[in-house]
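**Student:** Generate a structure from the sequence data that follows.
(chains A and B)
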2 protein chains.
Amino acid sequence: MKNVKCCKCVKCDKEYEACANITTCECGGILDVIYDYDYIKTIFNKEVLKNREDQTMWRYRELLPIEADTIPKGLRVGNSPIYKTDKIAKMLNIKELYIKDDGINPTSSLKDRASAMAVTKAIEAGYDTIACSSTGNAASSLAGNAAAAGLKTYIFVPSRAPKGKVAQLLMFGSNLTSVLGSYEETFDLSKKAIEKYGWYNRNAAINPYLSEGKKTVALEICEQLQFEAPDFVCVSVGDGCTIAGVYKGFYDMYNVGLIEKIPRLISVQAEGCCPINTAVLSNKDWTPQEENTYADSIAVGVPRNADKAIKAIKDSNGIAVNVTDDEIRSAQRFLAKECGVFGEPAGVTATAGLIKLCNKNAIPHDATVVSIVTGNGLKDIESAIENCNEPVRCKNSLPEFEAAMKEHNIIVK
Amino acid sequence: MKNVKCCKCVKCDKEYEACANITTCECGGILDVIYDYDYIKTIFNKEVLKNREDQTMWRYRELLPIEADTIPKGLRVGNSPIYKTDKIAKMLNIKELYIKDDGINPTSSLKDRASAMAVTKAIEAGYDTIACSSTGNAASSLAGNAAAAGLKTYIFVPSRAPKGKVAQLLMFGSNLTSVLGSYEETFDLSKKAIEKYGWYNRNAAINPYLSEGKKTVALEICEQLQFEAPDFVCVSVGDGCTIAGVYKGFYDMYNVGLIEKIPRLISVQAEGCCPINTAVLSNKDWTPQEENTYADSIAVGVPRNADKAIKAIKDSNGIAVNVTDDEIRSAQRFLAKECGVFGEPAGVTATAGLIKLCNKNAIPHDATVVSIVTGNGLKDIESAIENCNEPVRCKNSLPEFEAAMKEHNIIVK
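**Tutor:** This is a model prediction of the structure:
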């Protein structure tokens, strides 16, 4: 890879050759992929992008850690829509708001970006089997992308994973294990099995390429906003890998000279599980927490990418804010109703945080903000239905219809 | 609209001016939008398309019934992926197979194409409220697109509509009525309410513009296959509006000279509810049937677009084939496992039909085939889970994991 210099430990700075199946540093630290921006600038610019036919995440391949001759397999990932919503911007009293709907990816979450990368790297490294543990979305996206690419999967989810994600995993033909325990225990079992059987490891905790896949959401935001970086970008945070990836995408774009500033990241966690934000707000090391939130995708008490995430928030002069489950529920209804984007609970947590900050006047009124929705609401239908009023029920009769509407206090007109 | 000549009754040929809120002919027949292909050829060709930045369904606006200065609101619809799957083509012993995954649209079904059109026409006609009856997907797509465009909705679904679709409707803030009865009764109630309250009517049975929205899936297929029309296109059929739209798209492309033939359509219905195919196979008029299939989106016993659909199948020298619910279940697992596309039951019915025909040697081995998946499997999680084996369950222990896998007859390696 001519565009990649090496992989470097975020803890001890030790450098490693960027081989396709590299994991963590010998000190236990997470690795970061280091690019040769001087070289990349000679082959990558706005004109190159403009003329590129590839509409997927791979259109940014000069900034991605894959071999020059690799043809990625798997599903069509990326190019998710960004919606400008003047209505909500006005309600929140900010200048511009964009909702980036990443729930529209092939398996309906942002995690497709990481899984497509994992599948590509696994094939580069010559593996035919790939494994991971996940709260759900990493798993279902891996299963889908691996199925499309013809790889076998072993996947470990905590037994609390919502039915929608389990349905995807079973359908995609994964060898699925539902672990009777927390995400931490699920991760631990996957680690032991991967070590014993030698499968390619798609755990975001260990694989430095995954956040490189996720960063494509930030690369897209830059391009979709005509390379005018927004002032703030809101991200729901669980394991920390996504916000680290978002930062990396903007960092890359800044370093190749395509944007003039790196946006301030808004890290939003659930009050019931916020180890990363607690560390940022207290300026101390992170410590494990319980997983007390219904937003399952970000219920991660022992975040494996905490170091990268905390660095990303601090380096971007970011903001950390926690929200209650009720604030998440409210944001879910609000986003769906006001702009037609139905996100899963963890997917709308970012927007819940933005609403909270705007209500506190903590965001300047002239700010341009992007809020990322990381997963589709169909992933967790039961919690969505609990979050809404019942539908009106009646037989095929206009008077019955009108009476039922009245009972629900809906004025028909 | 300079590109549209008129709306013409498919039954009695009477012509009407194509105003934005036109419904059916006075004889009761459905209307078809008639284009001025000679004019369109002067402004639309491959070069125009190649240079067009718009990646949504509106990139084909010269072939769509909207005013030249209309800026469509709503969600970003269209540009769904088409996957070439050599593996399945080989299994089915045909030359080429493409899976067009329309479940990736913003509310996760092909119906977004029709709803985006309905919302656009409603706004053109000056309405602020829009209504429909639906088995689910038309409804949820209307609710989502209307929410994005700032329109109010009244929506009627039969009480059997799956939870996923109901969750979407409630989230998008629709005034939702769950009708205790069949789709036919649901439709009837919506008709009475729409007549009384004067809302814009998004019923595919009545609104000639909806199949014009749906046809964009065929326009995309042409462009994605470099204007080499496939030999066959498989479509799941319920109301008949979708297959009529698919035909219209190819008909348009043929008439503006961008493809050299119209593909033969394969109309696939569920054995438990197949009034359109019964009419085609018996060469008689269609008659109502019961709605005995779990594939809810195509369980339409009284299809409102039967005339257009039957004409489309016949005019394309098409094939009608019915499949059992078990064949649909099998196709759902097959598509997910072999190419990573997880469709809802009605969404994969087209592929079930193709598999059946190939097993009977009824498709030439040198054929190029496209099979359209019309909706995402997450729309109906419960039926998907019933359709799969249980996951393996164990605690965080490698020996327990291995024992549980063995019990499920999975060889871990």
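**Student:** low pLDDT regions in the stretch 51-200 of chain A?
**Tutor:** Within the stretch 51-200 of chain A, no stretch has pLDDT under 70.
**Student:** All the strands of it, in order from the start?
**Tutor:** Under the criterion DSSP state E, counting those that start in this stretch, the stretch 51-200 of chain A contains strands at A:82-84, A:96-101, A:129-133, A:152-158, A:175-179, A:200-201.
**Student:** Nearest to chain B: which residue in the stretch 201-350 of chain A?
**Tutor:** Residue of the stretch 201-350 of chain A nearest chain B, by Cβ to the nearest Cβ: A:G340 (3.2 Å). (C-beta placed from N, C-alpha, C; glycine too.)
**Student:** Just give the number of residues close to that residue.
**Tutor:** Here the number of neighbours of A:G340 (other Cβ atoms under 10 Å in any protein chain shown) works out to 29.
**Student:** what's the answer for A:A68, then?
**Tutor:** So A:A68, with other Cβ under 10 Å, has 10 neighbours.
**Student:** got it, and A:D231?
**Tutor:** Using other Cβ under 10 Å, A:D231 has 17 neighbouring residues.
**Student:** I'd say it and A:P263 touch.
**Tutor:** Yes. The criterion here is Cβ atoms under 8 Å, and A:D231 meets it with A:P263 at 6.1 Å.
**Student:** any idea of the mean pLDDT in the strand or helix carrying A:F334?
**Tutor:** Element membership of A:F334 [criterion: DSSP states H and E] is helix A:325-339. For helix A:325-339, mean pLDDT is 97.
**Student:** Which positions in the stretch 301-413 of chain A make contact with chain B?
**Tutor:** A:332-333, A:336-342, A:376-379, A:381-382, A:384-385, A:387-389, A:391-398, A:401, A:404-405, A:410, A:412-413 (Cβ under 8 Å from any Cβ of the partner chain).
**Student:** Report the buried members of those residues.
**Tutor:** Neighbour-count burial (16 or more other Cβ atoms under 10 Å in any protein chain shown) applied to those gives A:332-333, A:336-342, A:376-379, A:381, A:384-385, A:387-388, A:391-394, A:396-397, A:401, A:404-405, A:410.
**Student:** Just the ones of these in strands?
**Tutor:** A:392-394 (DSSP state E).
**Student:** Save those residues as TSV, and put in pLDDT too.
**Tutor:** Shown next, in TSV, are these (pLDDT from 0 to 100):
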residue	pLDDT
A:V392	91
A:R393	94
A:C394	95
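**Student:** Which single one of those residues is nearest to B:I104?
**Tutor:** Of all these, A:V392 has the smallest distance to B:I104: 31.0 Å, by Cβ to Cβ.
**Student:** Tally up the residues packed near A:H408, please.
**Tutor:** Using other Cβ under 10 Å, the number of residues around A:H408 comes to 14.
**Student:** contacting residues for it?
**Tutor:** A:389, A:392 (Cβ atoms under 8 Å, 6 or more residues apart in numbering or on different chains).
**Student:** same check, this time on the one 3 residues further on
**Tutor:** Shown here is A:I411, whose contacts under the criterion Cβ under 8 Å, 6+ apart are A:M405.
**Student:** Turn the strands of the stretch 51-200 of chain A into a markdown table, including mean neighbour count.
**Tutor:** As requested, these are exported to a markdown table (neighbours: other Cβ atoms under 10 Å in any protein chain shown):
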| stretch | mean neighbour count |
| --- | --- |
| strand A:82-84 | 18 |
| strand A:96-101 | 24 |
| strand A:129-133 | 27 |
| strand A:152-158 | 25 |
| strand A:175-179 | 24 |
| strand A:200-201 | 24 |
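**Student:** Tell me the confidence at A:A367?
**Tutor:** pLDDT, A:A367: 98.
**Student:** Could you pull up the contacting residues of it?
**Tutor:** A:94-96, A:231-232.
**Student:** what does A:I328 give?
**Tutor:** Applying Cβ under 8 Å, 6+ apart to A:I328 gives the contacts A:270, A:293-295, A:345, A:348-349, A:352.
**Student:** What about those, which are in strands?
**Tutor:** Per DSSP E, the subset of those in strands is A:A270.
**Student:** Could you dump the contacts of A:I328 into TSV with neighbour count and pLDDT added?
**Tutor:** Compiled in TSV, these are given as follows (neighbours: other Cβ atoms under 10 Å in any protein chain shown; pLDDT from 0 to 100):
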residue	neighbour count	pLDDT
A:A270	29	98
A:T293	25	95
A:Y294	18	94
A:A295	28	94
A:P345	29	97
A:V348	34	98
A:T349	33	98
A:A352	30	98
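**Student:** what's the helix or strand for A:N207?
**Tutor:** Using DSSP H and E, A:N207 falls outside every helix and strand.
**Student:** Quick check: closest non-adjacent residue to it.
**Tutor:** Closest residue to A:N207 apart from its sequence neighbours, by Cβ to Cβ, 6 or more residues apart in numbering or on different chains: A:N201 at 5.7 Å.
**Student:** A:T23 is in contact with the one you found, correct?
**Tutor:** Yes. Counting by Cβ under 8 Å, A:T23 is a contact partner of A:N201 at 6.2 Å.
**Student:** anything in contact with each of those two?
**Tutor:** Common contact partners of A:N201 and A:T23 (Cβ under 8 Å, 6+ apart): A:N207.
**Student:** Chain B contacts on the stretch 151-300 of chain A?
**Tutor:** Counting by Cβ under 8 Å from any Cβ, the stretch 151-300 of chain A sits next to chain B at A:154, A:157, A:159, A:163-164, A:166-173, A:175-181, A:185-186, A:188-189, A:192-193, A:196-197.
**Student:** Buried ones among those residues?
**Tutor:** Of these, these count as buried by 16+ other Cβ under 10 Å: A:154, A:157, A:159, A:163-164, A:166-173, A:175-179, A:181, A:185-186, A:188-189, A:193.
**Student:** What count of nearby residues applies to the residue in the stretch 1-150 of chain A positioned nearest to chain B?
**Tutor:** Closest contact between the stretch 1-150 of chain A and chain B, by Cβ to the nearest Cβ, is at A:A148 (3.2 Å). Counted by other Cβ under 10 Å, the residues lying close to A:A148 total 26.
**Student:** residues contacting it?
**Tutor:** A:A148 neighbours (Cβ under 8 Å, 6+ apart): A:73-75, B:83, B:339-341.
**Student:** mind checking how far the closest residue to A:E96 other than its chain neighbours is from A:L97?
**Tutor:** Once flanking residues are discounted, A:E96 sits nearest to A:T368: 4.2 Å by Cβ to Cβ, 6+ apart. According to Cβ to Cβ, to the nearest Å, A:T368 stands 8 Å off from A:L97.
**Student:** repeat for A:A403
**Tutor:** Distance of A:A403 to A:L97, given as Cβ to Cβ: 40 Å.
**Student:** for A:E338, same thing?
**Tutor:** 10 Å.
**Student:** Identify the contacts common to these two.
**Tutor:** A:85, A:88.
**Student:** where exactly do the strands run in the stretch 201-350 of chain A?
**Tutor:** Using DSSP E, counting those that start in this stretch, strands in the stretch 201-350 of chain A cover A:232-236, A:264-270, A:319-323.
**Student:** out of those strands, which comes closest to B:E47?
**Tutor:** Among the strands of the stretch 201-350 of chain A, the nearest to B:E47 by Cβ to Cβ is strand A:232-236 (37.6 Å).
**Student:** what sits against A:C339?
**Tutor:** Taking Cβ under 8 Å, 6+ apart, we find A:C339 in contact with A:83, A:85, A:87-88, A:99, B:147-148.
**Student:** In helices only, show me those residues.
**Tutor:** A:87-88, B:147-148 (DSSP state H).
**Student:** out of the residues you listed, which one sits closest to B:T42?
**Tutor:** B:A148 (33.4 Å).
**Student:** how close does the residue nearest to that closest one when sequence neighbours are not counted sit to B:C234?
**Tutor:** Residue nearest to B:A148 in three dimensions, not counting chain neighbours: A:G340, with 3.2 Å by Cβ to Cβ, 6+ apart. A:G340 sits 30 Å away from B:C234, going by Cβ to Cβ.
**Student:** Over to A:V166?
**Tutor:** Remark: distance between A:V166 and B:C234 (Cβ to Cβ) = 29 Å.
**Student:** All set now, cheers.
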